[in-house]
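Asker: Attaching a predicted model along with its sequence, questions to come.
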Amino acid sequence: MSLKDNNNTYNLVDGSIQRSLIRMTTPMIIGMLALFTFQLVDTWFISFLGTESLTAISFTFPVTFTVMSLAIGLGIGASAVVAKALGSSQFEKAKEAATVINYISLILACLVVIISWILMEDIFTLMGANDRLLIPIRDYMVVWLPGSVLVVCIMTSNSILRGYGDTKTPSILMAAAAFSNALLDPLFIFGIGPFPELGIQGAALATVISWMLGFCYLFYLLVFKMELVSRSLPNKTTLKNSGLDMLSIGVPAAGANMMTPLAAGIMTAIAAGFGDSTVAAFGVGARIEPIATLLVLAISSSLPPLISQNYGAGRLDRIKEAYRIATRFILVWQLIIYLLLAVGAGILASIFSEDPEVVEAIKLFVWIMPLGYGLQGIIILTNSSLNALHRPLNALILSIARFFVFYLPLAYVGSVYFGLYGFFAGAVCGNLLMAMISWRTFKRALSGEQQLLSETT
C-alpha cells in the first residue's frame, strides 16, 4: 500500500513544500488561536475581579504550562513516530504507536497531577506568592489540576491526527472547546442566571468542562470513526516496542518543553521582586505572547509531520527547503507583529487593568519583549525540526542552553543593573544568541543525516 492509498493519511512526501505548509498551517492558526485564548479569555474575565485575582492567576501560569508541556512533548513523540512510519509505508506500526501513546500519556499525566497536588503550596511559595495570594491560587488549581489529565489526552490525540497529516480536525476541535470555554467563563465566574458565583474557581471549572466535551468527541473519532487507535489493549511486545520508540522522542521533547514553564516560574520570581503589579503585568504578557507568536506555534506543529514523513522517505532536500521557508517567513512576520503591538501597547494594557502601575508595566513588556519573538521562532522551529528528525536530545540540550545559559542569566543581570527595562531587554538578548546557535545546530544535523543516507546507499 502506498501513502496515497490510505484514506486516513495525508501525503506530505510529494508535491509543493509551500502548498503542504500552507495546507497544514492554515487550520493550525485557528486551532492555536483557540487553544491559547483559553488562558487569555480566563485572564480577561478574572481581571474584573481585581488586581489580587489577576496576580493569583499569573502565578498559576508556570504550573499549568508544565502540564501543557508534558502533553506537547508526548504529542511530539507520537507525531514523529507515526509520521515516519507512514512515510516508509508501515501503517500497522503507525496505528500501534497511536494506540500506545494514549495509555502512556494518561499514566504520565496522572503522575504529574499527583506530584503537583502534593507540592502545590511549596511550589507557589517558592515562586514568591504570599499567604493571601495562596487562597485564590488554591481555589483555581484544585479544579484545574484534576481536569488537566483530559487536556493531556486531547493534545496527544491531536498530535496523532497531525502525524497522519490532518491538522483540520484538531483545529476545529480546539476552536469548539475555546468557544464553549468563553461562553461558560462569565456564567461560573460571576454567577449569571442559575449558575453559582465561583470567582476565580469558575474560570477553572469552565475550562475543565470544555476539555471534557472535547475529550469525548476525540475518543469517538479516533477509536470508532477513523479507527486510527485500536479498541483492544496492546500486547506487551507492542507496548514495549511502540512505547520505547515514542518515549525516546517524547520524554526529551517533554523535558525540553518543560524548560519553558520552569523558566517562566523563575522569571515570575524575579518579577515578584518588583512588586505584585509587575507580577500581574508579566502574567498578562505571558498570555499575550502565545497570541503574538501564533504563527510560530502553528508552523511548529505543522512542520514536524512534513519533516518526519519526508525523513521516512529519505527526502532530505525537501526537509531543507521546508526549514528554510519556515524560518525566513517567521522572521519577517514577527517583525510586523512587533510593530503592531508597539503601536497598540497602551490600548492593550488598558484592556487588562485600570491600575496605573500594572498598565505601565504591561506597556513596557509589549515595547521590549516582542522584539525577540522572531528569534524565539527560530529556536522553536529548530527544536520541532530536530524532534521530527528523531534527534530529541539535541533539542533538549538547546532548550536547556537557551534558558539557563542565555535567557534567564541575561534577564537577571539586566534586572540587577537596569531594573525592569534590563529584565525584559536581557531576555531578548538571550533569544538572539540562542537563535544563532539553533540555526547552526540544525544545519549540522541535516548534514549528518545526509552523510548517513549516502553511506547506506
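Answerer: Sure thing, it's come through.
Asker: and the next element down the chain from the helix or strand that contains Asp185?
Answerer: Taking DSSP states H and E as the definition, one finds Asp185 inside helix 168-190. Going down the chain from helix 168-190, the next helix or strand is helix 200-220, by DSSP H and E.
Asker: can you give me the helices for the stretch 1-150 of the chain?
Answerer: 17-47, 51-87, 91-118, 120-127, 131-163 (DSSP state H, counting those that start in this stretch).
Asker: Need the ones you listed in JSON lines (columns: distance to Val428).
Answerer: The way it works is simple: take the backbone N, C-alpha and C, and place the C-beta from them, glycine included. Below are these laid out as JSON lines (distance: least, Cβ to Cβ, whole Å):
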{"stretch": "helix 17-47", "distance to Val428": "21"}
{"stretch": "helix 51-87", "distance to Val428": "20"}
{"stretch": "helix 91-118", "distance to Val428": "30"}
{"stretch": "helix 120-127", "distance to Val428": "23"}
{"stretch": "helix 131-163", "distance to Val428": "29"}
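Asker: average pLDDT across the biggest helix by length in the chain?
Answerer: Determined from DSSP state H, the single longest helix within the chain is helix 408-456. Averaging pLDDT along helix 408-456 gives 91.
Asker: on that earlier part again, and the angle for the helix holding Asp185 with helix 51-87?
Answerer: Put simply, helix 168-190 runs at 160 degrees to helix 51-87, going by axes from the mean of the first three to the mean of the last three Cα atoms, to 10 degrees.
Asker: buried sites along helix 168-190?
Answerer: 168-171, 173-175, 177-178, 180-182, 184-189 (16 or more other Cβ atoms under 10 Å).
Asker: Could you do stretch 79-86 as well?
Answerer: When neighbours are counted by 16+ other Cβ under 10 Å, the buried residues of stretch 79-86 are found to be 79-86.
Asker: what's near enough to touch Trp333?
Answerer: 295, 374 (Cβ atoms under 8 Å, 6 or more residues apart in numbering).
Asker: How confident was the prediction at it?
Answerer: So, for Trp333, pLDDT stands at 95.
Asker: now swap in the one 10 residues further on and tell me
Answerer: As summarised for this prediction, Val343 has a pLDDT of 93.
Asker: ditto for Ser232
Answerer: 74.
Asker: cool, and the one 3 residues further on?
Answerer: In the predicted model, Asn235 carries a pLDDT score of 74.
Asker: and it, backbone torsions?
Answerer: Here is the backbone geometry of Asn235 (degrees, to the nearest 10): phi -70, psi 170.
Asker: neighbours around it, how many?
Answerer: Asn235 has 9 neighbours, counted by other Cβ atoms under 10 Å.
Asker: and if you look at Ile380?
Answerer: 23.
Asker: Quick check, it in contact with Val296.
Answerer: Yes. Under the criterion of Cβ atoms under 8 Å, Ile380 makes contact with Val296 at 5.6 Å.
Asker: ok, now how distant is the closest residue to Asp245 other than its chain neighbours from Asn310?
Answerer: Counting by Cβ to Cβ, 6 or more residues apart in numbering, Asp245 lies nearest to Val81, which is 4.9 Å off, once chain neighbours are set aside. According to Cβ to Cβ, to the nearest Å, Val81 stands 15 Å off from Asn310.
Asker: ditto for Lys363
Answerer: 44 Å.
Asker: Compare neighbour counts for these two and give me the winner.
Answerer: Shown here are Lys363 and Asn310; by other Cβ under 10 Å, Asn310 has more neighbours (26 against 18).
Asker: measure that one to Val366 for me?
Answerer: Counting by Cβ to Cβ, the separation of Asn310 from Val366 is 38 Å.
Asker: Tell me where the stretch 251-400 of the chain has strands.
Answerer: For the stretch 251-400 of the chain, applying DSSP state E, counting those that start in this stretch gives no strands.
Asker: Run through the helices of it in chain order.
Answerer: Under DSSP H, counting those that start in this stretch, the stretch 251-400 of the chain gives helices at 276-292, 294-312, 316-343, 345-352, 356-368, 373-388, 392-401.
Asker: Turn those helices into a markdown table, including distance to Thr99.
Answerer: Shown next, in a markdown table, are those (distance: least, Cβ to Cβ, whole Å):
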| stretch | distance to Thr99 |
| --- | --- |
| helix 276-292 | 30 |
| helix 294-312 | 18 |
| helix 316-343 | 27 |
| helix 345-352 | 43 |
| helix 356-368 | 43 |
| helix 373-388 | 21 |
| helix 392-401 | 21 |
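Asker: Which of these sits closest to Lys95?
Answerer: Among the helices of the stretch 251-400 of the chain, helix 294-312 comes nearest to Lys95, with 15.3 Å by Cβ to Cβ.
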